[in-house]
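> What follows is a predicted protein model with its sequence.
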Amino acid sequence: MPLPSFALSVLICSLQAFPVSAQNYTWPWQTYKSSSAEPPSLNITKSGPTSPGYLFFDQNGQYAHNYSLFIMSDDNELIWQSGYGDYGAFRTQKFEGKPVLTFFNGVSLSEPYGWGYGIIQILDDSYKSIYNVSLTVDEGNFLTLPELDASQIESYLDMHESQITAQDTILVTLYNVTKYDLSSVGGPQDGWVADSLFYELDIKTNEILFKWSVLDHVDQIPISDVQQFYPIADFGKNQSVPYGYFHINSVDKFDDGSYLISSRYYCSIFKISKNGTVEWTLQGQTGGDFELDGQLSFCYQHDARVRRELGSTVKISLFNNANSEIMSGVNQTKGVFLTLDTETMKATLDHAYTDPQDAVYAFSQGNTQLLDDGHVIMGYGSTPKIREFSADGTTLMTAQFGPGDGLIFSYRAYRQPWVGRPKEPPSVVACRDEASNSTRVYMSWLGATEHKYWDIFAGDSDNSFTLASQVGRTGFETVATIQGQVPMIRVEARGIGITGGVSNVISSQSHC
């Protein structure tokens, strides 16, 4: 199955926002004259000052208008949009000391499977693809669902993880549909499971530096320990319906080189040592190897992250869905920060982030991000909202980009700083108005963040241009009117350090 292409086309559209339809669940989106971009119109509410940075998210789901990646501002202004594709886990990271954009690009499978096959794509600050992290495997030992043509799968990487480490390696997840004896849990002896794996890879060469499989450690993680998964009677009978009991959904790394992984259906996070053994288990309802403090509880969680290590204590954050396709609408989804003491083996809740005025019950996906100023961002996964909290838990902002749970979603969402320096020139459209003897100019520069104003040049030929106007940048698309019916137009984006901000010369249109 070929991977989706990564490209942008240019169309001339009118600026508008389309209303929500109760019949087809369409969410409002924005269009422009100078760009083909069509970002969602964010429904943003604020009750306090938010942190600097842009919002990073993908828009996906059955009723999504645009299956794309988005960088947007708190003012509902577009910064950058990708082309059409099945994407996920979009954010900025650092590689070799430089900021990059990373995301999954491939094919994702809906529940009850809930994994994907593709690459992790890495772009530089000009939005040029610089690395495609991929992994091919021996098809005799690594299987997909039979409905997929394995010969056309270019890479087996899953969308759940794409974490660049301090060592400039990358942590990724994979799923292997394979045979396994399920008789111990009431399934068939010749059963099938979806094995959860994670790898650490060299970004430049795709060399495997570490590999781990949950099926290799059933002595420490018994299949019978799964919590409230789909009934075994419905799964595991054949390759088309494997028993996906573990469902790995995040990987992080400790200072000592060991790993922190999260299992959705075990309601557990695990520390995996460098030799692959399970060093400890924190189970969100029973405690596992730890004693819970009475306040800490989680299940079906995502995005478990190591926040700080100090001696025998480690601080961890996670996105506690507390809901799933099996059990939904019961417990409110929270952003959880906790402390583990590996000497006393006690687990303590530090803070749980929720909005008492707007309870969310996200049954899948999601993440919790800790910002440098102590604010917390939550991307609510299957619920199309991004929320920012102050350190004390006060809700500061909610940005909604779709209706209803599961109709439109984003696997993860972040607030992050970003400086975009696109190599492509700005776009411009000009429209002559005979009645007012004027020309209206529409200007945008997809992905650029540093320009502050525009110079508009008018001319009769390609070689005869004069500065007709200088206007401040107003959002993604700036609109200005100059006197006279100008035949030719070009614009220049201006600001400190701006290079390459000169548009092509275009002929103005009689009407737009």
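Arrived safely, thanks for sending.
> Show the contacting residues for the closest residue to residue 412 other than its chain neighbours.
Excluding its sequence neighbours, the residue lying closest to residue 412 (C-beta to C-beta, 6 or more residues apart in numbering) is residue 367, at 4.1 Å. Just so you know, the C-beta spots here come from the backbone N, C-alpha and C atoms, and that holds for glycine as well. Applying C-beta atoms under 8 Å, 6 or more residues apart in numbering, we find residue 367 in contact with 302, 303, 319, 378, 379, 381, 412, 413, 414.
> for the stretch 1-150 of the chain, what spans make up the strands?
Remark: strands assigned in the stretch 1-150 of the chain by DSSP state E, counting those that start in this stretch are 43-46, 54-59, 68-72, 78-81, 87-95, 98-108, 116-123, 129-133.
> what does the first one contact?
Applying C-beta under 8 Å, 6+ apart, the contact partners of strand 43-46 are 74, 75, 76, 396, 397, 398, 399, 400, 401.
> Could you do stretch 500-512 as well?
12, 14, 33, 421-423, 425-432, 434, 439-440, 442-443, 445, 448, 451, 459, 462, 485-495.
> now do 7 Å
Stretch 500-512 has contacts (C-beta atoms under 7 Å, 6 or more residues apart in numbering) with 33, 423, 425-432, 439, 445, 451, 462, 486-494.
> ditto for stretch 282-297
Stretch 282-297 has contacts (C-beta under 7 Å, 6+ apart) with 267-269, 280-281, 298-299, 301, 338, 340, 345-349.
> Now stretch 378-391 - C-alpha only, PDB.
The C-alpha trace of stretch 378-391 is given here as PDB (Å, rounded to 0.1, in the frame of the first residue of the first chain):
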ATOM      1  CA  MET A 378      -3.800  18.500  27.000                       C
ATOM      2  CA  GLY A 379      -4.700  17.200  23.500                       C
ATOM      3  CA  TYR A 380      -7.900  15.200  24.100                       C
ATOM      4  CA  GLY A 381      -7.400  12.700  21.300                       C
ATOM      5  CA  SER A 382     -10.900  11.400  20.200                       C
ATOM      6  CA  THR A 383     -12.400  14.500  21.700                       C
ATOM      7  CA  PRO A 384     -11.400  17.300  19.300                       C
ATOM      8  CA  LYS A 385     -10.200  19.800  21.900                       C
ATOM      9  CA  ILE A 386      -6.900  21.300  23.000                       C
ATOM     10  CA  ARG A 387      -6.800  22.800  26.500                       C
ATOM     11  CA  GLU A 388      -4.200  24.800  28.500                       C
ATOM     12  CA  PHE A 389      -4.100  24.900  32.300                       C
ATOM     13  CA  SER A 390      -2.000  27.000  34.600                       C
ATOM     14  CA  ALA A 391       0.300  25.100  37.000                       C
END
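> for that stretch, the distance to its chain's centre please.
12 Å (C-alpha atoms, centre = their mean, to the nearest Å).
> Buried residues of it, list them for me.
Within stretch 378-391, the residues that qualify as buried are 378-390, counting by 16 or more other C-beta atoms under 10 Å.
> again with stretch 337-346
Using 16+ other C-beta under 10 Å as the test for burial, stretch 337-346 gives 337, 338, 339, 340, 342, 346.
> okay, the fifth one: pLDDT?
With respect to pLDDT, residue 342 has a value of 97.
> Which residues are in contact with it?
Neighbouring residues of residue 342 by C-beta under 7 Å, 6+ apart: residue 312.
> ok, the spatially most central residue of the chain - contacts?
Centroid check for the chain by C-alpha atoms, centre = their mean gives residue 89 as the closest residue, at 2.7 Å. Taking C-beta under 7 Å, 6+ apart, we find residue 89 in contact with 103, 104, 159, 162, 411, 412.
> run the last query once more with 10 Å
Contacts for residue 89 (C-beta atoms under 10 Å, 6 or more residues apart in numbering) come out as 56, 58, 69, 102-104, 120, 159-163, 250, 303, 365, 367, 410-414.
> And for residue 256?
271, 273, 274, 279, 309.
> could these be laid out in CSV, adding neighbour count?
As requested, these are exported to CSV (neighbours: other C-beta atoms under 10 Å):
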residue, neighbour count
271, 21
273, 14
274, 12
279, 17
309, 15
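> out of those residues, which one sits closest to residue 371?
Nearest to residue 371 among the contacts of residue 256: residue 309, at 19.6 Å, using C-beta to C-beta.
> Please work out how many residues are found near the nearest residue to the closest one once chain neighbours are set aside.
Nearest non-adjacent residue to residue 309, counting by C-beta to C-beta, 6+ apart: residue 255, 5.3 Å away. For residue 255, the count of nearby residues is 10 (other C-beta atoms under 10 Å).
> From residue 308, how far off is residue 255?
Separation of residue 255 from residue 308 (C-beta to C-beta, to the nearest Å) stands at 10 Å.
> Can you pull the residues that touch both of these two?
In terms of C-beta under 10 Å, 6+ apart, residue 255 and residue 308 are both contacted by the residues residue 314.
> Any stretches of this structure with poor pLDDT?
Across the chain, the ranges flagged by pLDDT under 70 are 1-25, 139-140, 462.
> Which parts of it are helices?
Under the criterion DSSP state H, the chain contains no helices.
> What residue in it is the furthest from its centre?
residue 435 (48.0 Å).
> re the thing from before, quick one: which of the contacts of stretch 500-512 sit in strands?
The members of the contacts of stretch 500-512 that map onto strands under DSSP state E are 427-432, 439, 488-494.
> that older thread, of the strands of the stretch 1-150 of the chain, which is nearest residue 195?
Residue 195 lies closest, by C-beta to C-beta, to one member of the strands of the stretch 1-150 of the chain: strand 116-123, at 14.3 Å.
> For the closest one, C-alpha coordinates in PDB please.
Extracted in PDB, the C-alpha atoms of strand 116-123 (Å, rounded to 0.1, in the frame of the first residue of the first chain):
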ATOM      1  CA  GLY A 116      -0.800   1.600  11.600                       C
ATOM      2  CA  TYR A 117       1.900   1.100   9.000                       C
ATOM      3  CA  GLY A 118       4.100   3.900   7.700                       C
ATOM      4  CA  ILE A 119       7.100   6.100   8.200                       C
ATOM      5  CA  ILE A 120       8.200   8.800  10.600                       C
ATOM      6  CA  GLN A 121       8.800  11.800   8.500                       C
ATOM      7  CA  ILE A 122      11.200  14.600   9.600                       C
ATOM      8  CA  LEU A 123      11.100  18.100   8.100                       C
END
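> now the angle from it to strand 129-133?
Put simply, strand 116-123 runs at 150 degrees to strand 129-133, going by axes from the mean of the first three to the mean of the last three C-alpha atoms, to 10 degrees.
> Tell me how the chain divides into domains.
Per automatic domain parsing, the domain ranges recorded for the chain read 54-416, 427-507.
> Would you reformat these as TSV and include distance to residue 43?
Formatted as TSV, these follow (distance: least, C-beta to C-beta, whole Å):
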stretch	distance to residue 43
domain 54-416	4
domain 427-507	17
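> right, and these - which one's nearest residue 40?
Nearest to residue 40, of all those, is domain 54-416, at 4.3 Å by C-beta to C-beta.
> how long is that closest one end to end?
Distance between the boundary residues of domain 54-416 (C-alpha to C-alpha, to the nearest Å) amounts to 5 Å.
> gap between that domain and the chain center?
Distance of domain 54-416 from the chain centroid (C-alpha atoms, centre = their mean) equals 10 Å.
> rewinding a little: among the contacts of residue 256, which lie within strands?
The strands, defined by DSSP E, take in 271, 279, 309 from the contacts of residue 256.
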